[in-house]
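# what follows is a predicted structure for the sequence shown.
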Amino acid sequence: MANAVYIHIPFCMNRCFYCDFHTYVTREPQVVWNYLQALEKEIGKHSAGEIHTIYVGGGTPTFLDVKQMDYLLSIIEKAFPKRGKELEFTMEANPGTIDQEKLRLMKQGGVNRLSYGVQSFHDGLLKKIGRNHSRNQSYLAIEEARKAGIENISIDLMFGLPDQTMEMLEESLREAFQLKIPHLSVYSLKVEENTVFSKWERKGTLSLPDEDTEFMMFKQIIARAEEEGFHWYEISNFARNGYESKHNQVYWENREYYGFGAGAHGYLDGVRYANIGSTMKYIKEMKDKNSAIEQSQRVSIMEQMEEFMMLGLRMLRGVSPREFHERYGKELKDTFGSPIDEFVTKGLLEWKDESLRLTRNGVFLGNNVFAGFLSD
């Protein structure tokens, strides 16, 4: 039985220029209430055992007002009363939609980890990517979280942004580390279809750093994080010891989890499923049919083994042949001997501490390595 829960809150004040997530911009409180009632209905269908991680993502979960947040937390408390002693309960947050009252309520409801979408500490860059918060609001949000008693704080930073320079990135890194946060996630900008940036790119008005500069930015992030005593534990994630994201490791270790809400994905009893992405359709389907699952697929053993490699190699510790054998009753080298030998020879994979892992060069060519473990 899964012991991890993902809950999607799609609402946002505005849509960022790079965003292709399942989000919904609204100023209508009733839409939010209708969504929360649909969510309660979906979550209530499941009988869960002891839960070890809860992750509320979006969208912007902190878009909810205090009454809506209280209702959401009560839904979660009622549905998942059995909680592990070391429960990690993460809430994503936008620095511009947080206040002390909301933080106190979240703390009382069991939230003990916050993931702030800071993206940059440069106000000019924040405007260029469509964020609705400022550098000062990020500082204040982190200060307010600590006042509320939440010390486990992660921030997201982005690189490869329009007109971003190495100096701008270094400034954001310096300010992030000065805040003494225990976890940092970094993501390079990817221009996705049906976003504002994709339209600008087609018009030739999107000015992005070239690949060499982006590569240098990533190397700078790694160097600075390690200088500050952070453990680089996954391609895009750095943490002080003991602050690694437990919930995200569920995904990277290819373990099962519940997924609730519009556009949410889940993995239960060997079946991967995805809910309808449209917020309004999700509400309607839950009301009319008591289900919002749009597609589901039983994952074959071969697919499970491929996913084990593709996801597990994202972690810097790599994958364990012993765990592979325990899960699937097969030897890692017998199953994937050819791609393993190829990438070891190329210097992209290495054996260390009885595990197979990416080398430093392999990290930068990770997608090429992952693709090598897929069936034709």
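Good, I have the coordinates. Residues are numbered from 1 along each chain as shown.
# tell me which residues in the strand or helix carrying Ile142 are buried?
For Ile142, the enclosing helix or strand under DSSP states H and E is helix 135-147. For helix 135-147, the buried set under the neighbour-count rule, 16 or more other Cβ atoms under 10 Å, comprises 135, 137-142, 144-145. Yep, even glycine has a C-beta here, placed from its N, CA and C like the rest.
# can I get those residues in CSV with distance to His231 and pLDDT?
CSV is the format used below for these (distance: Cβ to Cβ, whole Å; pLDDT from 0 to 100):
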residue, distance to His231, pLDDT
Arg135, 27, 94
Gln137, 28, 95
Ser138, 23, 96
Tyr139, 25, 95
Leu140, 28, 95
Ala141, 24, 96
Ile142, 21, 96
Glu144, 27, 96
Ala145, 22, 96
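# between which two of those is the distance greatest?
The span of the buried residues of helix 135-147, defined through Cβ to Cβ, is set by Arg135 and Ala145 at 16.3 Å.
# any regions of this structure where pLDDT drops low?
376 (pLDDT under 70).
# the closest residue to Phe373 other than its chain neighbours - how many residues pack around it?
In this structure, Phe373 finds its nearest non-sequential neighbour in Met309, 4.2 Å apart by Cβ to Cβ, 6 or more residues apart in numbering. For Met309, the count of nearby residues is 23 (other Cβ atoms under 10 Å).
# what comes up buried for the helix or strand harbouring Met309?
Using DSSP H and E, Met309 falls within helix 301-312. Residues of helix 301-312 classed as buried: 305-312 (neighbour count, 16+ other Cβ under 10 Å).
# got the contact list for that helix?
With contacts defined as Cβ atoms under 8 Å, 6 or more residues apart in numbering, helix 301-312 is touched by 251-254, 270, 299, 318-319, 324, 327-328, 330, 335-336, 370, 373-375.
# now list the buried members of these.
Buried among the contacts of helix 301-312 (16+ other Cβ under 10 Å): 251-252, 254, 318-319, 324, 327, 335-336, 370, 373.
# tell me which of the residues you listed fall in helices.
Among these, the members falling in helices are 251-252, 324, 327, 335-336, 370 (criterion: DSSP state H).
# could you identify the most distant pair in the residues you listed?
The span of those, defined through Cβ to Cβ, is set by Tyr251 and Thr335 at 21.4 Å.
# now Pro182: how far from Gln30?
39 Å (Cβ to Cβ, to the nearest Å).
# in terms of neighbours, single out the busier of those two.
Using other Cβ under 10 Å as the criterion, Pro182 and Gln30 rank with Pro182 on top: 17 against 8.
# domains of this protein?
Domain assignment for the chain by automatic domain parsing gives 4-252, 318-371.
# okay if I get the ones you listed as CSV plus distance to His265?
Shown next, in CSV, are the domains of the chain (distance: least, Cβ to Cβ, whole Å):
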stretch, distance to His265
domain 4-252, 8
domain 318-371, 18
